[in-house]
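Colleague: Task: produce atomic coordinates for the following.
(chains A, B and C)
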Amino acid sequence: MSTQHPINRHTFRKAERLCSKKLITDVFEKGNSFYIKPFKTLWIDTPLLTSVPAQLLITVPKRYMRDSWQRNSIKRLIREAYRLNKDPFYSILQQKQKQCALAIVYTGRKIITAAEAESAIILILCRLSEEYEKITG
RNA sequence: GUGGUCGUCGGUUUCUAUCGCUUCUAUUCUUGAGAUAGAAGAGGAAAGUCAGGGCAGCAUAGAGCACCAUACUUCCGAAAGGGAAGGACUCGUAAGGGUACAGAAAGUGCCACAGAAAAUUACCGCCUGUUCUUAGGAGCAGGUAAGGGUGAAAACGCGGGGUAAGAGCCCACGACGCGGGCUGGGAACAGUUGGCGGGGGUAAACCUUAUGGGCUGAAAGGCCAUGUACACCGGGGCGUUUGGAGAAAUCUAAAAUAAGGACUGCUCGUCCAAUCUCGGGGGGUAGGUCGUUUGAACCUGUUGGCAACAGCAGGUCUAGAUAAAUGAUGGAAGUUCCGGCUUGCCGGAAUAACAGGAUCCUGCUUACAAGACGACCAUUUGU
RNA sequence: UCCCUGGUGGUGUAAUGGCAGCACAAUACACUUUGGUUGUAUUAGUCGAGGUUCGAGCCCUUGCUAGGGAA
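Modeller: Got it, this is the predicted structure:
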């Protein structure tokens, strides 16, 4: 598996996105959650249909950001930050033989810069890694 | 030069480094939502969803009413609450701008406050007659719209005649409205001539006239796969009359009819079934694919037309995602601005506003940074 | 993507085209030793822009904004 997804390539393909309606409802209804600065994160430990370690869903509510171009740009920033920083989290998941469904919800009301997004995403991924350490003991 | 009016263009440009996204094509083998290479990849408004269509489904014997929309003329356009040119009115010194711009003389309603009165009106006043009288006047009956501080709006304006007092009551001139004739124009309309008339405003109040209008929207709808249950609840109903068979229960045939449903608001009318119909609710699925991008398409040239636009010729194929693709960080050039002066160099800053396709077109409306351009008007100064 | 509804003081709500009200809240005063209750007074408003009208919260156009629905 790891040969198909080399660590040194920071990709973010369709397989790594959360598209299944069932999984999405599971994440939002049964998932664990925590809050770091402008993002709310929901996650659940569940077997996925594909071979990737984790699937991610990015969401910006229409209630807070009215214009679609603003929502799109924030989603792009989050995706970029996740893509560049996901490797430590993936390696932990692969060690533990686990799969994870993730949802990141932006709860701010203004546009953030790329640097702010990246630091917050790094914090979120560290927190998730800790949670998995606790689960597996 | 200053101020202004109308309009057009513009919309992060080019090269490059690292990482990355979507679609298509080719190659490859480990046959996977793989790898490599190449190509393509958001807007003038993609927006608001305001108008009209294409397309799709449902409905459709027909008629009437209701409801909704539109409303100067001609032309363009598939159509349009669309556009062009023109007319009328209106705002502006002007260039120009705006107009739901049919009917108030078919009818109904409304017009607060103020005012005598807001549309067949008499409160004060004026005048006539009459009664009383303290001789100033008061009461009663009638005539009268010339005058009365109001109001958004006051019963055409002004002059003369007339009268008891007055009044378009009559006349001249003027304004307004409705017909007729003539001239110009394709028409709206304009000019002119003569006739008739007396009427407040309001139709983005009801309404009248003319014209038009089925309903629902890609979560429409078709196909494949997966999966299941019409189990449950509520309303209505499987009826009545006549004929035949039969002792009867009942069965059967044809016609009519009550209640119900359909014809998408109502009426007429037509049609509909008998473990049936209408509504609610539940179970299951939670995937793929078509629709889906070649079209009233775009670009260039040319012809016709004042213009909107149309014809002809040549060329082009130009996003198709689906929890939803264009991004992040650098470098160089270019562009713009600021400062300095050697006037074409140096240094610094910025590289943007509005904003992201989701079925597709035509319009309308709204938002919009730096900058560029054209036409015209007013005014000032100089020549 | 498509469709629908609303917007009135700080909050909740009324209002035929004709002076924009009511309740709660807030502030001040009175009452009370003080607070509460009660009473009196005050402040504060038609989402923005344009149009129709003598006159728009209401009618029309357009924008802004809030919310809802649709396998």
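Colleague: Can you report phi and psi for the residue nearest the centre of chain A?
Modeller: When Cα atoms, centre = their mean is applied to chain A, the residue found nearest the centroid is residue A:56 (4.3 Å). With angles defined as degrees, to the nearest 10, residue A:56 sits at phi -120, psi 140.
Colleague: Disregarding flanking residues, what is the spatial nearest neighbour of it?
Modeller: Leaving aside its sequence neighbours, residue A:56 sits nearest to residue A:102 (Cβ to Cβ, 6 or more residues apart in numbering; 4.7 Å). Just so you know, the C-beta spots here come from the backbone N, C-alpha and C atoms, and that holds for glycine as well.
Colleague: isn't there a strand covering the one you found?
Modeller: Yes - inclusion of residue A:102 in a strand is indicated when DSSP: H, G, I helix; E, B strand; the rest coil is applied.
Colleague: so how far is residue A:17 from it?
Modeller: Counting by Cβ to Cβ, to the nearest Å, the gap from residue A:102 to residue A:17 is 10 Å.
Colleague: between the two, which one's more packed in?
Modeller: Ranked by neighbour count (other Cβ atoms under 10 Å), residue A:102 and residue A:17 place residue A:102 first, with 22 against 13.
Colleague: circling back to that earlier point, pretty sure the residue nearest to the centre of chain A contacts residue A:100?
Modeller: No - in this structure residue A:56 lies outside contact range of residue A:100 using Cβ atoms under 8 Å: 9.1 Å.
Colleague: ok so, going back, I'd guessed the residue nearest to residue A:56 sits against residue A:18; true?
Modeller: Yes - counting by Cβ under 8 Å, residue A:102 touches residue A:18, with 7.1 Å between them.
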